[in-house]
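Asker: Quick one: sequence plus predicted model below, questions after.
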Amino acid sequence: MATASGATDAHSIIALDAVVVGAGFGGMYAAYRLREMGLRFRGIEAGGDVGGVWYWNRYPGARCDLMCIDYSYSFSDEIQQEWVWPEQYAHQSDILAYANFVADKLDLRKDFDFETRVISASYDDARDLWVIKTNTGAIFEATYFILATGPLTVPKRPDYPGFEDFTGDIYSTARWPHEPVDFTGRKVGLIGTGSTGIQIVPVVAEQAGELVVFQRTPSFTLPMRNSAITPEFWDEVRRNYASIRESASLSPLGGIRAVSTRPFFSLPRAQRHSLMEDSWKQGGLAFLGTFGDLLRNEEANEEVAEFVRAKISEVVKDPDTAERLKPRGYPIFARRPCLDTGYYEAFNQPNVRLADCIDDPIECITPRGIKTQKTHYDLDAIILATGFDGLTGALMAFAVTGRDGRDLKDKWREGARSYLGIAMDGFPNLFMVCGPNGPSALANIITLNQQNVDWICSAITHMRDNGLTAMEPRPDAEEAWMDIVATLADKTLVSKANTWYVGANIQGKTKGLTMYTGGFANYRNSCADAQTNGYREFTFAPCKPDLKVG
Ligand code: NA7
């Protein structure tokens with residue numbers, strides 16, 4: 001029962017058609033679609049408001065590394081005509097403002113219980129419904145269970161001893177305070193040099209008395225070269241939104257960025273380098289799209305990596321620091337390419353220094369700072385930019401029990417598996433909006449969210465129109481999809497770096513690339529096929545052979 005304030009009463013059992021978990025861009029769109037379909041549903045969100053990853057990750061310098069023209073909803077022309085982005089690469093505060101604008105416009109908040117977590121979900125075989133319990137004591141019984149929990153939701157905290165003894169302040173970039181943090185004159189240590197660390201360094205470096213950057217694995221980063229959007233440009237975009245969205249939906253990444261099919265070695269060396277120089281000057285991810293085979297051809301990849309390493313030496317004045325900042329030992333773009341604004345330049349400031357944790361590993365946190373094997377760094381504050389339990393973390397954060405008591409943790413013990421990254425054998429009517437076996441973090445996630453929510457809503461409509469209660473993929477369909485995922489993974493260099501993409505950053509997690517690397521457009525076609533073939537890869541409740549479709 002929803003109260004007048006919109007929140008759900010504790011300890012009552014609420015019967016619904018659907019429960020949606022997450023009020024990020026996937027969950028918000030799911031709520032909008034389910035409401036349009038006339039379904040009774042409730043959204044559950046741990047954060048205090050909408051925005052998902054952008055609600056939590058409020059650290060200074062946080063930006064999306066996709067251009068806002070791509071990283072925005074396309075389902076409503078009214079929304080895309082009304083909203084104005086100020087910069088090509090939007091700041092977190094603008095993306096969060098956009099999420100709030102959409103939530104206001106569509107009146108979405110009333111459908112969500114905020115500051116509420118799911119603690120368990122189990123499938124009741126006899127009644128064909130999900131029983132979902134929350135930390136507030138609410139119990140929902142719903143036919144459809146839609147997980148829009150995002151790939152980067154559960155922050156990873158390093159397990160160094162001593163954090164509890166530190167007398168200064170500890171900040172996690174993924175749980176940043178809502179009020180501004182003033183680092184003026186303070187001695188700050190930052191652990192982690194992925195996209196997040198690389199974005200925050202130049203901003204904190206402007207304020208801090210001293211900033212020590214603890215780097216374990218250097219990342220490749222490209223200049224973002226962000227710029228303000230002029231009214232003329234924006235008018236042009238608004239006039240052409242329909243074709244922009246069409247191009248994005250047909251592209252490998254779900255965005256309009258140009259991606260060349262030209263093989264690297266099809267051009268002579270001088271021409272290759274001239275093209276790389278042009279892309280470098282252009283900024284952003286243009287560089288990644290200059291050639292078509294950088295994630296398949298190791299030799300090409302290394303030449304590009306060396307070009308980027310040389311750029312580091314051009315900026316960083318101290319040769320030893322420059323050398324230590326150069327990534328080696330894994331292919332460029334196998335870790336998520338970072339986009340920065342003044343990262344390397346920050347190391348030329350007298351108040352910024354690099355602590356190389358390969359040479360001198362962190363041992364523990366002390367009451368006064370960070371102790372490495374060789375040194376003690378006195379600090380007033382420690383910032384943790386140490387990443388996430390990516391892709392599966394949020395899905396495994398609570399107990400999920402499917403048909404016949406099947407435990408999701410058991411199913412995924414050897415790695416995440418599902419059909420299309422959307423549905424799973426043994427878990428009827430559980431739908432993942434951005435599951436670990438789709439393109440997930442490799443595609444434009446808003447485009448992906450929209451496409452998958454639409455797919456899920458079509459599947460629900462199909463069941464409702466045909467008097468079917470529940471659906472789940474056939475085991476052989478799931479097996480076949482995972483074979484495709486594995487075959488593609490074998491061909492890409494993305495498998496060859498220790499990253500959250502392959503689960504390497506979480507101790508005890510099964511390692512391997514389970515994301516679909518065939519590109520958004522191909523993925524979209526596979527999803528469309530699974531629907532237009534009459535859902536023949538699925539069985540429908542009551543899961544008896546005579547109810548198989550196709
Ligand atoms: P990432 O990309 O997972 O980066 C985390 C960083 O933190 C990375 O440099 C890690 O080094 C470092 N790290 C993690 N644990 C430790 C410990 N214990 N000691 C030292 N350093 C550590 O997360 P981000 O938040 O930066 O980016 C995530 C995504 O957000 C990104 O891919 C974009 O999609 C946007 P390691 O590599 O483990 O040696």
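Answerer: Ah, there it is. Numbers count the residues shown, from 1 in each chain.
Asker: Spell out the residue ranges of the strands in the stretch 451-550 of the chain.
Answerer: Applying DSSP state E, counting those that start in this stretch to the stretch 451-550 of the chain gives strands spanning 471-473, 538-540.
Asker: which stretch of helix or strand covers the closest residue to residue 130 other than its chain neighbours?
Answerer: Of all residues not flanking residue 130 in the chain, residue 145 sits nearest, at 4.2 Å (Cβ to Cβ, 6 or more residues apart in numbering). Where you see a C-beta, it was placed from the backbone N, CA and C, and this is true even at glycine. Assigned by DSSP states H and E, residue 145 belongs to strand 139-147.
Asker: and the stretch 351-500 of the chain, which residues reach the ligand?
Answerer: Within reach of the ligand by Cβ under 6 Å from any ligand atom, the stretch 351-500 of the chain has these residues: 357, 362, 385-387, 441, 500.
Asker: which of the residues you listed tops the neighbour count?
Answerer: Highest neighbour count within those: residue 385, with 25 neighbours (other Cβ atoms under 10 Å).
Asker: Quick one: residues contacting that one.
Answerer: Shown in contact with residue 385 (Cβ atoms under 8 Å, 6 or more residues apart in numbering): 59, 173, 190-194, 196-197, 200.
Asker: Out of these, which two sit at the greatest distance?
Answerer: 59 and 193 (13.9 Å; Cβ to Cβ).
Asker: Just give me how far stretch 118-130 sits from the chain centre.
Answerer: 27 Å (Cα atoms, centre = their mean, to the nearest Å).
Asker: Ok, stretch 291-311 next?
Answerer: Mean-position distance between stretch 291-311 and its chain equals 25 Å (Cα atoms, centre = their mean).
Asker: Could you pull up phi and psi at the residue nearest to residue 56 when sequence neighbours are not counted?
Answerer: Distances taken as Cβ to Cβ, 6+ apart place residue 174 nearest to residue 56, at 5.6 Å, with adjacent residues excluded. Note on residue 174: backbone dihedrals following degrees, to the nearest 10 are phi -90, psi 0.
Asker: Okay, buried residues for stretch 384-400 please.
Answerer: Across stretch 384-400, burial judged by 16 or more other Cβ atoms under 10 Å covers 384-398, 400.
Asker: ok, now stretch 238-258?
Answerer: Those would be 244-245, 248-249, 251-257, for stretch 238-258 by 16+ other Cβ under 10 Å.
Asker: that older thread, list the buried residues in the strand holding residue 145.
Answerer: For strand 139-147, a neighbour-count test (16+ other Cβ under 10 Å) marks 139-140, 142-147 as buried.
Asker: pLDDT for the residues you listed - can I get that in TSV?
Answerer: Formatted as TSV, the buried residues of strand 139-147 follow (pLDDT from 0 to 100):
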residue	pLDDT
139	97
140	98
142	98
143	97
144	98
145	98
146	98
147	98
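Asker: can you list these in a markdown table and add distance to the ligand?
Answerer: As requested, the buried residues of strand 139-147 are arranged in a markdown table below (distance: Cβ to the nearest ligand atom, whole Å):
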| residue | distance to the ligand |
| --- | --- |
| 139 | 34 |
| 140 | 31 |
| 142 | 31 |
| 143 | 33 |
| 144 | 29 |
| 145 | 26 |
| 146 | 23 |
| 147 | 19 |
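Asker: longest helix of the protein?
Answerer: helix 445-465 (DSSP state H).
Asker: Now do the buried residues in that helix.
Answerer: 445-457, 459-460, 462-463.
Asker: Can you check what pLDDT the model gives residue 10?
Answerer: Note for residue 10: predicted pLDDT of 60.
Asker: Does anything pack onto the longest helix of the chain? Which helices or strands?
Answerer: Helices and strands touching helix 445-465, by 3 or more Cβ pairs under 8 Å, 6 or more residues apart in numbering; DSSP states H and E, are helix 25-36, strand 139-147, helix 241-250, strand 430-432, helix 520-532.
Asker: Quick check: the residue in the stretch 1-150 of the chain that the ligand sits nearest to vs residue 179, distance?
Answerer: Proximity of the stretch 1-150 of the chain to the ligand (Cβ to the nearest ligand atom) peaks at residue 65, 6.3 Å away. According to Cβ to Cβ, to the nearest Å, residue 65 and residue 179 sit 26 Å apart.
Asker: More neighbours: the two, which one.
Answerer: Taking neighbours as other Cβ under 10 Å, residue 65 and residue 179 compare with residue 65 leading, 18 against 7.
Asker: so where does the residue nearest to the more buried one when sequence neighbours are not counted fall, helix or strand?
Answerer: What sits nearest to residue 65 in space, not counting adjacent residues and going by Cβ to Cβ, 6+ apart, is residue 339, at 4.6 Å. Secondary structure from DSSP H and E places residue 339 in strand 338-340.
Asker: for that strand, packing partners?
Answerer: Contact analysis of strand 338-340 by 3+ Cβ pairs under 8 Å, 6+ apart lists helix 195-207, strand 221-223 as its packing neighbours.
Asker: Give me the sheet partners of the shortest one and which way each runs.
Answerer: This points to strand 221-223. Its sheet considered, strand 221-223 pairs with strand 338-340 (parallel) by DSSP bridges.
Asker: Following the chain onward from the strand it pairs with, which element is next?
Answerer: Criterion used, DSSP H and E; the element after strand 338-340 is helix 343-346.
Asker: contacts for that following helix?
Answerer: 198, 201-202, 205, 211, 221, 312, 315-316, 325, 352.
Asker: and residue 359, how many neighbours?
Answerer: 11.
Asker: Same question for residue 303.
Answerer: Using other Cβ under 10 Å, residue 303 has 19 other residues around it.
Asker: didn't it look like it was pressed against residue 272?
Answerer: Yes. Counting by Cβ atoms under 8 Å, residue 303 does reach residue 272; the two are 7.3 Å apart.
Asker: Give the intersection of the neighbour lists for these two.
Answerer: With Cβ under 8 Å, 6+ apart, residue 303 and residue 272 have common neighbours residue 264.
Asker: interface residues of the protein facing the ligand?
Answerer: Counting by Cβ under 6 Å from any ligand atom, the chain sits next to the ligand at 152, 158, 191-197, 214, 216-217, 336, 357, 362, 385-387, 441, 500, 505.
Asker: Next step: these restricted to strands.
Answerer: 191, 214, 362 (DSSP state E).
Asker: hang on, the earlier thing: could you dump the strands of the stretch 451-550 of the chain into CSV and include mean neighbour count and mean pLDDT?
Answerer: As requested, the strands of the stretch 451-550 of the chain are exported to CSV (neighbours: other Cβ atoms under 10 Å; pLDDT from 0 to 100):
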stretch, mean neighbour count, mean pLDDT
strand 471-473, 24, 97
strand 538-540, 23, 96
